[in-house]
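*Asks:* Build the 3D model from these lines:
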Amino acid sequence: MLAAALGLAAWFVTGNPGVQSSAAFGRWRDRWALTHLAVFYLAGMAWLRYGLGLTPRAWRRVAALHLGALLIVIPAELCAWAELVDFRSMGALRHQRMGITYAQPVEAGGMRWYGTPHLKLSGRALPDLAEEFGLAAVPRAYRFETDSYGLRNVLDETREPEILCLGDSLLVGGLVAIEDTLAARLTGETERACLSVAEVEFGPQEEVLRLESTGISLADKLVLQFVFEGNDLLDSRLWREWAATGKKLDWPESGFMKNILALVHKPVARHTALRGAWFSDSAGAREEIFFMYSGPKVDEQLDELPVIEAVYGSLAQRLEQDGGRYALILIPHKLRVLEDIVEFPAQHELAGGGQGPSGLSPALAAFCLEEGIPYLDLATALQAAAGAGELPFFPKDTHLNEAGLATCAAAVGEWLGEQGLIR
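*Replies:* Got it, this is the predicted structure:
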């Protein structure tokens, strides 16, 4: 009984202090939840053995209960592993993109999913870092609409696009108004019709496949492929693994036990991420901000670089053959932009500098120089904006906010003119 009481007390007091929670027992890592469940189980079995003194017949019933549980859990996990069912539909780990369910799975075309055409959604969604790390945050209202391609565009479809913008969630901009997305802003900056061809969590290969799926002629088109420094290398690897195995679901995240645990404790990725840095804006107001990616983490994926370079080079050659033009534009991750501008608390894991830069931008610059591909790194423009006191990212999200997207569009528009890429 004492062990059970201690276990119950530990369950209620362990977790992340100060974090809002809608779950029964706070936001934990899975291993903490499993540890406490094991304590409860052992305490309960000890109580049955030494407290109640069960008869052999009663123990056989206990064994039957265990067997029955296994006959439920094992087949359920096998069904999830075989992609026959996704237990995230129980509502624990929502199968969403940027907190907004807008995509539909596909069985052909080499893509894992794509946006639903003519979709109109509205609601509220948490910033991704708040969702990932269990941070207290106010959900943002959104209005999400897609065109006949299933892409998020403000462009009148009767107008032929001149510039095609390939990318991932940085271009989708799910937490900003559709008029503030990068392609919409770039249309205003260049006075050219820009079409966003972007899907959440797509890597370079799927971006090209998504472009092909539209059926748009590339003749006389300018294709801008936006590279996100934070996770494009990883997304490329994940897509290749999916293409090799045919698996679309992320088991065990789609599994039965993982989602039962999530319903109880709302898992959090890591506690150290709860320690934010401070950004001071031009008015002197301070805001706490959080980071997902770092230079060393990006560098861990650099062995994927030849793969994505082959994708970029192939598309550039295709555009040249089809009478179009191609350019590569890098969107830096949040830490590289803000590392020298924010104030880190003492002993913060990211304090001390040197954690922002990765080897991706220099490598892409060298590749593009060799291949004759125009290349732009948007870090300089974003750092200038942040240095002037304008935060270009959402504080508790990995994505650019309205100010950051406007900064990028202005920088890209000016650069396109300087490069002679706008006719």
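*Asks:* What sits closest to V85 if chain neighbours are left out?
*Replies:* Leaving aside its chain neighbours, V85 sits nearest to C79 (4.8 Å; criterion: C-beta to C-beta, 6 or more residues apart in numbering). C-beta here means a position set from N, CA and C on the backbone, and glycine is covered the same way.
*Asks:* residues touching the closest residue to T181 other than its chain neighbours, list them.
*Replies:* Excluding its sequence neighbours, the residue lying closest to T181 (C-beta to C-beta, 6+ apart) is G173, at 4.0 Å. G173 is in contact with R152, D180, T181, L182, H399, L400, L405, counting by C-beta atoms under 8 Å, 6 or more residues apart in numbering.
*Asks:* Hmm, V172 and the third one touching each other?
*Replies:* Yes: T181 sits in contact with V172 when judged by C-beta atoms under 8 Å, with a separation of 7.4 Å.
*Asks:* Now list whatever residues contact both of these two.
*Replies:* Common neighbours of T181 and V172 (criterion: C-beta under 8 Å, 6+ apart): R152, S196.
*Asks:* picking that back up, quick check: the residue nearest to V85 is in a helix.
*Replies:* Yes: counting by DSSP: H, G, I helix; E, B strand; the rest coil, C79 is found in a helix.
*Asks:* since we're on it, how many residues are nearby?
*Replies:* Using other C-beta atoms under 10 Å, C79 is surrounded by 16 other residues.
*Asks:* Check what pLDDT it gets.
*Replies:* pLDDT for C79: 84.
*Asks:* just checking, it touches I72?
*Replies:* No: proximity of C79 to I72 does not meet the contact threshold set by C-beta under 8 Å, at 11.1 Å.
*Asks:* For the stretch 151-300 of the chain, just list every one of the strands.
*Replies:* Secondary structure of the stretch 151-300 of the chain by DSSP state E, counting those that start in this stretch: the strands cover 163-167, 194-198, 222-228, 277-280, 286-289.
*Asks:* on that earlier part again, gap between the residue nearest to T181 and P139?
*Replies:* When C-beta to C-beta, to the nearest Å is the yardstick, G173 and P139 sit 17 Å from each other.
*Asks:* what do you get for A183?
*Replies:* Computed as C-beta to C-beta, the A183 to P139 distance reads 25 Å.
*Asks:* Those two: which is more packed in?
*Replies:* A183 (30 against 14).
*Asks:* Contacts only, for that one.
*Replies:* Contact analysis of A183 by C-beta under 8 Å, 6+ apart lists N153, V154, L155, I163, C165, L171, C194, L195, S196, A198.
*Asks:* ok, of the residues you listed, which one's closest to L224?
*Replies:* When those are compared for distance to L224 (C-beta to C-beta), C165 comes out closest, at 5.1 Å.
*Asks:* how many neighbours does the closest one have?
*Replies:* Counted with other C-beta under 10 Å, residues neighbouring C165 total 27.
*Asks:* what's across from it in the sheet?
*Replies:* On DSSP bridges, the residues paired with C165 through beta bridges are S196, L224.
*Asks:* For it, give me its contacts.
*Replies:* With contacts defined as C-beta under 8 Å, 6+ apart, the neighbours of C165 are L171, L182, A183, L186, C194, L195, S196, V197, A198, L224, F226.
*Asks:* Confirm for me that the last one is in contact with G167.
*Replies:* Yes: F226 sits in contact with G167 when judged by C-beta under 8 Å, with a separation of 3.7 Å.
*Asks:* Check the contact lists of those two and give me the overlap.
*Replies:* Common neighbours of F226 and G167 are listed as L182, A198, I331 (criterion: C-beta under 8 Å, 6+ apart).
*Asks:* For these, give me CSV that also has neighbour count.
*Replies:* Output for the shared contacts of F226 and G167, formatted as CSV (neighbours: other C-beta atoms under 10 Å):
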residue, neighbour count
L182, 29
A198, 26
I331, 26
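*Asks:* Let me know the closest of those residues to I341.
*Replies:* Proximity of the shared contacts of F226 and G167 to I341 (C-beta to C-beta) peaks at I331, which lies at 17.3 Å.
*Asks:* Now do the same for that closest one: its pLDDT.
*Replies:* The pLDDT attached to I331 in the predicted structure is 98.
*Asks:* next one: phi and psi at it?
*Replies:* Summarising the backbone geometry of I331 under the convention degrees, to the nearest 10, its torsions are phi -100, psi 120.
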